[in-house]
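*Asks:* Build the 3D model from these lines:
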Amino acid sequence: MREPSEEAQTPALRPFRLSLYAALAYTLLIAYASLAPFAGWQVPQRPLLAFVLASWPRYVTRGDVLINMAAYLPFGFLVIVSLPRRWPKSAAVVATCLLGVSLSFLMEFGQQFVPGRIASNLDLLTNGAGALLGAALAVPLLRRPAALSTLTDVRDYWFHTGRAADAGLVLVALFFFAQANPSLPWMASRVLEAAVPLEPAAVQGFSFTQLGLSLSNTLTLSMLVSLLTPRPRPRFWLCTLVLVAIALGKLLAAHLLLKPEAVLQWLSVEAALGTAYGLAFAALVLRLGRTPRAWVGMAGAAASLVFAYAFEHAATASAVLRLFDWRYGHLLNFNGITGFVAELWPVLALGYFALTGAGARRAGGSATASPPPGRPR
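*Replies:* Numbering: from 1, shown residues only. Take a look at the predicted model:
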């Protein structure tokens, strides 16, 4: 007998592929944050497993413990949601916790070879606790198939289905993650010298590079969202809603992490104008077919790379970090990983458009113009 297609399976039985892609992407982010800067590696002097049974660090702050747990909480949540639904919940929680501890052990083991990084059994313990907490938070959701079915229906109603669409949604999430760094200018892919004046009283001229970065990234993101959205959906307003959500997240992060006088440092006249122009251009391009929109998205991603690397120099790390008001550790990790994702994102978007859009391949494979029966309307 012929097996039912993947799209015809019920949400409870169909693999939650989007969460799997997100879990893989988040694992890569953890690896980058743990092992950066990937230079000057050297063999440690003490035994490689000595950190496991070493004494506790002399100074342990509550903030560092909470940050270590929070870093692995999304990992635990995404992993357990990605596991087969037929697994017993207790077995899924244990497996997720073991995966979290294993990943943390590999990262702590590797940090011994990175100058300036310290392997810690406390980090190993708190990271594992974070993965366990994330898995535990997901259990109530997993025990309600109706809730999972509703979430899947909402996702399938608004966006195409299939592997390409899931990868595109993860790409949108990565942009959201990068923009959560409040020191990164609005809709930019790197912090330029013009965005962080070395002298507070200095008069800064109009930066066409900042204008070009915000315009090109706004256009690229809008084209990406449009390729993920079926025709009957309000694509322009969905793009606008995504931008508003990113702005609110950035503003919240700025209030939590930056000094009071730097809360709005990320927003400039150039960035606002660039976003307005980008949205206006997107409104015109959204009327075109899928392939022209993919080419426009590729052009926007390429323009973002040109503006970021051809016209102005990046700000120094010390100039960027002085904007922050954060008492605990891991600030360098956070700043580094978000900056890395922001600089890599146009390259990933360029490849995504080339593979799924310009080649005339549908992002969702079997996406339809109207929702299947039983989907929310």
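*Asks:* C-terminal to the helix or strand encompassing Arg155, what's the next element?
*Replies:* In the assignment (DSSP states H and E), Arg155 maps to helix 145-158. For helix 145-158, the succeeding helix or strand toward the C-terminus, using DSSP H and E, is helix 163-179.
*Asks:* Output that next one in CSV, but only the C-alpha positions, please.
*Replies:* C-alpha atoms of helix 163-179 as CSV (Å, rounded to 0.1, in the frame of the first residue of the first chain):
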residue,chain,number,x,y,z
ARG,A,163,11.7,22.0,3.5
ALA,A,164,12.6,25.2,1.6
ALA,A,165,9.9,27.2,3.4
ASP,A,166,11.0,25.8,6.8
ALA,A,167,14.6,26.8,6.0
GLY,A,168,13.4,30.2,5.0
LEU,A,169,11.6,30.7,8.3
VAL,A,170,14.7,29.8,10.2
LEU,A,171,16.6,32.4,8.1
VAL,A,172,14.0,35.0,9.1
ALA,A,173,14.5,34.0,12.8
LEU,A,174,18.3,34.3,12.4
PHE,A,175,17.8,37.9,11.2
PHE,A,176,15.6,38.6,14.2
PHE,A,177,18.3,37.1,16.5
ALA,A,178,21.0,39.2,15.0
GLN,A,179,19.0,42.4,15.3
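*Asks:* contact partners of that helix?
*Replies:* The contact list for helix 163-179 (CB atoms under 8 Å, 6 or more residues apart in numbering) reads 17-18, 21-22, 25, 29, 159, 184, 186-187, 189, 221, 224-225, 227-228, 242, 245-246, 249-250, 338-339, 341-342, 345, 348-349, 352, 355-356, 361-365, 367. In this view, the C-beta of every residue, glycine as well, is placed from N, C-alpha and C.
*Asks:* Residue ranges in the stretch 251-377 of the chain under the pLDDT threshold?
*Replies:* 327-329, 357-377 (pLDDT under 70).
*Asks:* make it 90
*Replies:* 256-262, 265, 287-290, 309-339, 355-377 (pLDDT under 90).
*Asks:* before we move on, what about the stretch 51-200 of the chain?
*Replies:* Using pLDDT under 90, the stretch 51-200 of the chain drops low at 51-68, 82-87, 89, 111-123, 140-158, 160-165, 183, 189-200.
*Asks:* quick one on the thing from earlier: for the helix holding Arg155, the distance to its chain's centre please.
*Replies:* Between the centre of helix 145-158 and the centre of its chain there are 22 Å (CA atoms, centre = their mean, to the nearest Å).
*Asks:* For that helix, could you pull out the residues that count as buried?
*Replies:* Using 16 or more other CB atoms under 10 Å as the test for burial, helix 145-158 gives Leu148, Thr152, Asp153, Arg155, Asp156, Trp158.
*Asks:* could those be laid out in TSV, adding distance to Val263?
*Replies:* Formatted as TSV, those follow (distance: CB to CB, whole Å):
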residue	distance to Val263
Leu148	38
Thr152	38
Asp153	39
Arg155	33
Asp156	38
Trp158	32
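*Asks:* And the strands in the stretch 51-200 of the chain?
*Replies:* Under the criterion DSSP state E, counting those that start in this stretch, the stretch 51-200 of the chain contains no strands.
*Asks:* Could I get the full set of helices for it?
*Replies:* Counting by DSSP state H, counting those that start in this stretch, the stretch 51-200 of the chain has helices at residues 62-82, 89-111, 121-142, 145-158, 163-179.
*Asks:* now those in a markdown table, with distance to Ser216?
*Replies:* A markdown table is the format used below for those (distance: least, CB to CB, whole Å):
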| stretch | distance to Ser216 |
| --- | --- |
| helix 62-82 | 29 |
| helix 89-111 | 34 |
| helix 121-142 | 35 |
| helix 145-158 | 25 |
| helix 163-179 | 13 |
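*Asks:* which strands and helices sit next to the helix holding Arg155?
*Replies:* helix 121-142 (3 or more CB pairs under 8 Å, 6 or more residues apart in numbering; DSSP states H and E).
*Asks:* who touches the helix it packs on?
*Replies:* 51-54, 56-57, 60, 65, 68-81, 85, 89, 92-93, 96-97, 99-101, 103-105, 107-108, 147-148.
*Asks:* Likewise for stretch 331-349?
*Replies:* So stretch 331-349 is contacted by 29, 32-34, 36-37, 171, 174-175, 177-181, 183-184, 188-191, 217, 220, 224, 297, 301-302, 304-305, 308, 317, 320-321, 324 (CB under 8 Å, 6+ apart).
*Asks:* Type out the ChimeraX command that picks the buried ones from the residues you listed.
*Replies:* Remark: buried members of these, expressed as a ChimeraX selection using 16+ other CB under 10 Å:
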select :29,32,33,34,171,174,175,177,178,179,180,181,183,184,188,189,190,191,217,220,224,297,301,302,304,305,308,320,324
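*Asks:* Kindly tell me how buried Leu331 is, as a neighbour count.
*Replies:* Using other CB atoms under 10 Å, Leu331 is surrounded by 14 other residues.
*Asks:* begin at 39 from here
*Replies:* Got it, first residue is 39 now, which makes that one Leu369.
*Asks:* Helix or strand: which one has Gln303?
*Replies:* With DSSP H and E as criterion, Gln303 is part of no helix or strand.
*Asks:* That one contacts Leu361, correct?
*Replies:* Yes - proximity of Gln303 to Leu361 meets the contact threshold set by CB atoms under 8 Å, at 5.8 Å.
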